[in-house]
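> when you get a sec, could you give me coordinates for this:
(one chain, ligands or ions: 2)
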Amino acid sequence: MIDEDILACYMQAGEIAKKCRDHAAGMVKPGQKIVELVDTVEQEILDEGGLIAFPLNISRNADAAHDTAGPGDEREFMAGDVVKVDMGVHIDGYVADTAVTVDLGENNLLVEASAAALKRAISLVRPGVSTGELGAAIHDEITGRGYLPIANLTGHGLGQYRLHGSPTIPNIGIKGGTIIEEDMVFAIEPFASTGSGHVSNSQRTEIFGQIALKPVRLASAKKVIAEVRDRHSLPFARRWLTGNKIDIALSSLRKSGVIHGYPVLHDIPGSLVSQAEHTVIVTADGCIVTTR
Ligand code: MN
Ligand code: MN
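Ligands and ions are numbered 1, 2, ... in the order given. Model prediction:
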């Protein structure tokens, strides 16, 4: 059995993430500025008593993941957009990771494909099942609806202050995989695409994470590291940083291997991608979904 106090943290994080995710999704409307949405909802996470596990991801259309507003971002939602809202909340490092897709056009079948795949995968989770079986179910559900799952994005294990641990939950059928055990905590996140089913890095990077503790000389870089120190290596947004020469500082920190950049991940131009995600805790005979 998972420790009672840790379970309580996961459950509280899940409650807050669910509420704030749904509020964020409700704000996705044509003409809404993206920066206003992310600033509002990130503050709401704090007001609800949670902490931000990663910047609120808002990724549109062919962009599958890792976009968020930049400082002074002028972008607004437009009619026709397929908008992924992906949120991470933690309590004492115990993370709830959850996402929904909002359709501002006529792509409800695409949105349903990832949601149905998630639902089916969750229904299969129990000790003894392999992650390969979950991937096969996701693949089957999405391809059966005429779309492709994104093969190089996966669900992932969660631990205290650890966002991307084992097991990996594939979105395609793989041989073998990891056997699921009681008390495992992981996020399942199917992506359905009208494109190639593979994502690659775009030029845009708004999200970063510290990956090493190394002495830093540049004053602006020192300031960035001081500002993100209490994140325990959890990702941060460029938008959160204050002061001057932030881009020079980030670039220097990346070159010296102190931080890692998470570029926006996109499928081919003109394609549309939907995503659905929940966090689960495996029990003796199934799982608890903390974010539903
Ligand atoms: Mn997520
Ligand atoms: Mn995730």
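> mind checking how far the closest residue to ligand 1 within the stretch 151-292 of the chain is from ligand 2?
Nearest residue of the stretch 151-292 of the chain to ligand 1, counting by Cβ to the ion: Glu277, 4.9 Å away. Glycine gets a C-beta too; all of them are placed from N, C-alpha and C. Glu277 sits at a distance of 6 Å from ligand 2 (criterion: Cβ to the ion, to the nearest Å).
> ok, Ile34 next?
Ile34 is 20 Å from ligand 2, by Cβ to the ion.
> just to check, that residue is in contact with Ser59?
No - in this structure, Ile34 is not within contact of Ser59 by Cβ atoms under 8 Å, at 10.3 Å.
> enumerate the residues of the stretch 51-200 of the chain near ligand 1.
Asp86, Asp97, Ala99 (Cβ under 5 Å from the ion).
> give me the element Gln203 is part of.
Element membership for Gln203 (DSSP states H and E) is strand 200-210.
> list of residues touching the helix or strand following that strand?
Next in sequence after strand 200-210, counting helices and strands by DSSP H and E, comes helix 219-228. For helix 219-228, the external contacting residues (Cβ atoms under 8 Å, 6 or more residues apart in numbering) are 210, 216, 236, 240-246, 248-250, 252-253, 258-259.
> make it 7 Å
210, 216, 236, 241, 243-246, 248-250, 252-253, 258 (Cβ atoms under 7 Å, 6 or more residues apart in numbering).
> circling back to that earlier point, retrieve the pLDDT associated with the residue of the stretch 151-292 of the chain closest to ligand 1.
pLDDT recorded at Glu277 is 98.
> for it, which residues are in contact?
Glu277 touches Asp86, Asp97, Thr98, Ala99, Leu118, Ala187, Ile188, Glu189, counting by Cβ under 7 Å, 6+ apart.
> nearest residue to Thr290 other than its sequence neighbours?
Among residues not flanking Thr290 along the chain, Gly14 sits closest, at 2.9 Å (Cβ to Cβ, 6 or more residues apart in numbering).
> ok, Pro55 next?
Ala237 (3.7 Å).
> Glu206 is in contact with that neighbour, correct?
Yes - using Cβ atoms under 7 Å, Ala237 is in contact with Glu206, at 5.9 Å.
> what do these two both touch?
With Cβ under 7 Å, 6+ apart as the test, Ala237 and Glu206 both reach Thr68.
> which SSE is the residue sitting nearest the centre point of the chain in?
With distances taken as Cα atoms, centre = their mean, Asp86 lies nearest the centre of the chain, 4.8 Å away. Using DSSP H and E, Asp86 falls within strand 82-91.
> what are the structural domain limits within this structure?
Per automatic domain parsing, the structural domains of the chain span 4-199+267-289, 204-264.
> and those domains, which is most packed in?
Among the domains of the chain, the stretch with the highest mean neighbour count (mean count of other Cβ atoms under 10 Å) is domain 4-199+267-289, at a mean of 20.
> ends of it, what's the gap?
16 Å (Cα to Cα, to the nearest Å).
> for the residue nearest to Thr290, phi and psi?
phi -60, psi -40 (degrees, to the nearest 10).
> so it makes contact with Thr291?
Yes - Gly14 is within contact range of Thr291, at 4.7 Å (criterion: Cβ under 7 Å).
> name the helix or strand for the closest residue to Asp92 other than its chain neighbours, please.
What sits nearest to Asp92 in space, not counting adjacent residues and going by Cβ to Cβ, 6+ apart, is Cys9, at 5.1 Å. Assigned by DSSP H and E, Cys9 falls within helix 4-27.
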